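Asker: What would the 3D arrangement of this be:
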Amino acid sequence: MNLTGFLKATLLILVCLGLTACGNRRSGDRSVPYTPPPSDYISNNPETAGFTDSDGSTIWDIFGPNTTDQTVNVNKYLWSASLDVLGFLPVTDVDPFTGVIVTGYGTPPGGGRSYRATVLIDDPALDARSLKVSLHTQGGPVSAATTRAVEDAILSRARQLRVQDSRI
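Answerer: Below you'll find the predicted structure:
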């Protein structure tokens, strides 16, 4: 028998012995039957067990069912209107759960400057306070009047979408 054959046979024997050691022992099993601890051993009060957070949750809550509902606080009309009005800009990042739309640089139809925009919708109300727009050129931020004009266009489009939706 050559050396590789010997090593293979030795390895096979070691694997077999390892697997048999993991099995249950039937003969001569001297294990003690399980008895649960007394009821006063485990505290039912999480405060005394030392696993309570400041809001009353315990470490054991992670094993229970998920009872938290994630709600989206973004107005769907403002979201759609922002994508419609700024459709000429390439979208680089969107997060509908936080209400953020980030675009890359793009030139509006009939315009000569390239812009990029960041939109934040932070309230479910169809209101001007829910919408925050930041416009930039490659030279820096644009004027407040230009930003206000884009915000007004988004709000007008959002109202149009809401009226269309109510007719259905």
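Asker: And the helices in this structure, which stretches?
Answerer: 3-22, 46-49, 76-85, 144-167 (DSSP state H).
Asker: Pick the most buried one from those helices.
Answerer: Stretch with highest mean neighbour count among those: helix 76-85 (a mean of 21; mean count of other C-beta atoms under 10 Å). Every C-beta, even on glycine, is put in place using the N, C-alpha and C of the backbone.
Asker: quick one: average confidence on it?
Answerer: Averaged across helix 76-85, pLDDT comes to 94.
Asker: picking up where we left off before, now the weakest link among the helices of the chain, please, by mean pLDDT.
Answerer: Across those, helix 46-49 gives the lowest mean pLDDT, at a mean of 50.
Asker: just to revisit the earlier point, can you tell which of the helices of the chain is closest to Gly104?
Answerer: helix 76-85 (14.1 Å; C-beta to C-beta).
Asker: and the angle from the closest one to helix 144-167?
Answerer: 120 degrees (axes from the mean of the first three to the mean of the last three C-alpha atoms, to 10 degrees).
Asker: Could you dump the helices of the chain into CSV with distance to Thr98 added?
Answerer: Below are the helices of the chain laid out as CSV (distance: least, C-beta to C-beta, whole Å):
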stretch, distance to Thr98
helix 3-22, 50
helix 46-49, 33
helix 76-85, 12
helix 144-167, 17
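Asker: any idea how far Asn2 is from Lys8?
Answerer: Taking C-beta to C-beta, to the nearest Å as the criterion, Lys8 is separated from Asn2 by 10 Å.
Asker: How about residues contacting stretch 118-131?
Answerer: The list of residues contacting stretch 118-131 from outside it, by C-beta atoms under 8 Å, 6 or more residues apart in numbering, reads 73-75, 77-79, 82, 86, 99-103, 132-134, 151, 154-155, 158-159, 162.
Asker: count of neighbours near Asp127?
Answerer: 12 (other C-beta atoms under 10 Å).
Asker: Likewise for the one 4 residues further on?
Answerer: Number of residues near Leu131 (other C-beta under 10 Å) recorded here: 25.
Asker: What distance do you get for it to Thr4?
Answerer: For Leu131, the distance to Thr4 - C-beta to C-beta - is 73 Å.
Asker: what sits against Asp95?
Answerer: The contact partners of Asp95, by C-beta under 8 Å, 6+ apart, come to none.
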